[in-house]
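Peer 1: pasting the structure only:
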């Protein structure tokens, strides 16, 4: 969950000294400096905690507006600095209803502080977040949103995101209460909102969809999510911003839980997704690539559509005249031009590397196997993959100790070696030149892979295609 932290230096407050009625007894002017207030540097394990929160509770009900605000600011700062322990202490002090009452205020300072406090409370435990919801915060926040300042809107969106990302129960309640629609409406009209609001809205949607608790939103809401997110991504152009990164993450999360690849492709956003697969920003790049792989995985028609989109991107970059040609009519890019085709080299880089997340490497292996299935009926695709250093990528992937991923890669290797096409000898030569046969042989005796299905498949490939390497290495 997200919590709001201090973004500016903390100014010094005067001591807050109150009588039993919550009235300041020192007559200090607000903002007057002091060496140390009763609350500076304290922690929730401090034996003074109960007394401190009692004084704050009285202060927040003071008839003096300045001291009410001062106490509210103190509470917000304690929450930002002390974490979940202070969240529970604030709830136990009984000030939550008073904080929610501030949402009806026309004083912008109280609105800012109250909504900021709610961000930090809902970043606590599930029980603490539930107490905010049960106190009636959500409808008050949603009704407050249209007339609020940008900073308050950001706080509202972050609070809603914390609620939706907490649990299945709270997310469903937020959907029914209009919280999900609120975030989507902001992204649907980006020209009407600040960059901070767009980032908070995109984060809220992505956080809600990241929740691993089954039962994703219903079909109507899913259709709206796809429409809003794809339109937002498509309209961002080449500007890679935090809202765009969060929107891509949200769309990827949705693609995990629902089969939405056709709807995403039909939205016309594939070009942007493929382009983001080579972005410098690691988060954007990984989420875009995983989304692209989800769009192309699972069946041959999806993989074909993804490869076609990538080839069309290349053609557009070269100002090709046949941009709308079918995949079979697109001449495969050759030699150094392949480096300009963003998707396939990036997938092969993931396939052969060890720095990308395990799940992403497994998804890349599955997609290349799907592409090979297509290539058995369209041999030009084999040419494209070979020229993109596919065999070298498969060879490097053999260094992995993950037997499941190795098995997928070995199936892909066996398929391209068995394919009946004119480039078979070139495949053999490139795989040998990349030290592939030796790595196949070593795979059979490595501690993590021997006596696995991958080890057996490696031996079959060696006997069939590289018999001189099929004998076990001397140790």
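Peer 2: Cool, got the structure. Everything numeric here is computed off the predicted structure, so don't read it as measured data. Numbering: from 1, shown residues only.
Peer 1: Tell me, how many residues neighbour residue 163?
Peer 2: Residue 163 has 28 neighbouring residues, counting by other C-beta atoms under 10 Å. Glycine gets a C-beta too; all of them are placed from N, C-alpha and C.
Peer 1: An error on my part: the question was meant for residue 402.
Peer 2: Neighbourhood size, residue 402 [other C-beta under 10 Å]: 17.
Peer 1: quick one: pLDDT of it?
Peer 2: The score at residue 402 is 83. That number is its pLDDT.
Peer 1: do residue 53 as well
Peer 2: Residue 53 carries a pLDDT value of 66.
Peer 1: got it, and the one 10 residues further on?
Peer 2: The per-residue pLDDT reported for residue 63 equals 87.
Peer 1: again, but for residue 344
Peer 2: Listed pLDDT for residue 344 reads 73.
Peer 1: How about it, nearest residue that isn't a chain neighbour?
Peer 2: Leaving aside its sequence neighbours, residue 344 sits nearest to residue 388 (C-beta to C-beta, 6 or more residues apart in numbering; 5.0 Å).
Peer 1: In terms of pLDDT, where does that neighbour sit?
Peer 2: Looking at residue 388, its pLDDT reads 79.
Peer 1: My understanding was that residue 93 contacts residue 59; is that so?
Peer 2: No: the pair residue 93 / residue 59 is not scored as a contact, 11.1 Å apart, by C-beta atoms under 8 Å.
Peer 1: before we move on, the earlier item: burial check on the residue nearest to residue 344, number of neighbours?
Peer 2: Neighbourhood size, residue 388 [other C-beta under 10 Å]: 20.
Peer 1: didn't it look like it was pressed against residue 346?
Peer 2: No: Residue 388 is beyond contact range of residue 346, at 10.1 Å (criterion: C-beta under 8 Å).
Peer 1: Got phi/psi on the spatially most central residue of the chain?
Peer 2: Geometric centre of the chain, nearest residue: residue 249, 3.8 Å, by C-alpha atoms, centre = their mean. The phi/psi pair for residue 249 (degrees, to the nearest 10) reads phi -60, psi -40.
Peer 1: pretty sure residue 239 is in a helix, no?
Peer 2: No: going by DSSP: H, G, I helix; E, B strand; the rest coil, the assignment for residue 239 is coil, not a helix.
Peer 1: What's the separation between residue 398 and residue 438?
Peer 2: Using C-beta to C-beta, to the nearest Å, residue 398 is found at 9 Å from residue 438.
Peer 1: Look at the two and report which has more neighbours.
Peer 2: Shown here are residue 398 and residue 438; by other C-beta under 10 Å, residue 398 has more neighbours (25 against 15).
Peer 1: In three-state terms, how would residue 198 be classified?
Peer 2: Under three-state DSSP, residue 198 comes out as helix.
Peer 1: what residues are up against it?
Peer 2: 186, 187, 190, 243 (C-beta atoms under 8 Å, 6 or more residues apart in numbering).
Peer 1: Tell me how far it lies from residue 107.
Peer 2: Distance, residue 198 to residue 107, using C-beta to C-beta: 27 Å.
Peer 1: quick one: low-confidence ranges for this structure?
Peer 2: Filtered on pLDDT under 70, the chain yields the residue ranges 1-53, 83, 211-217, 238, 297-301, 303-304, 307-342, 472-475.
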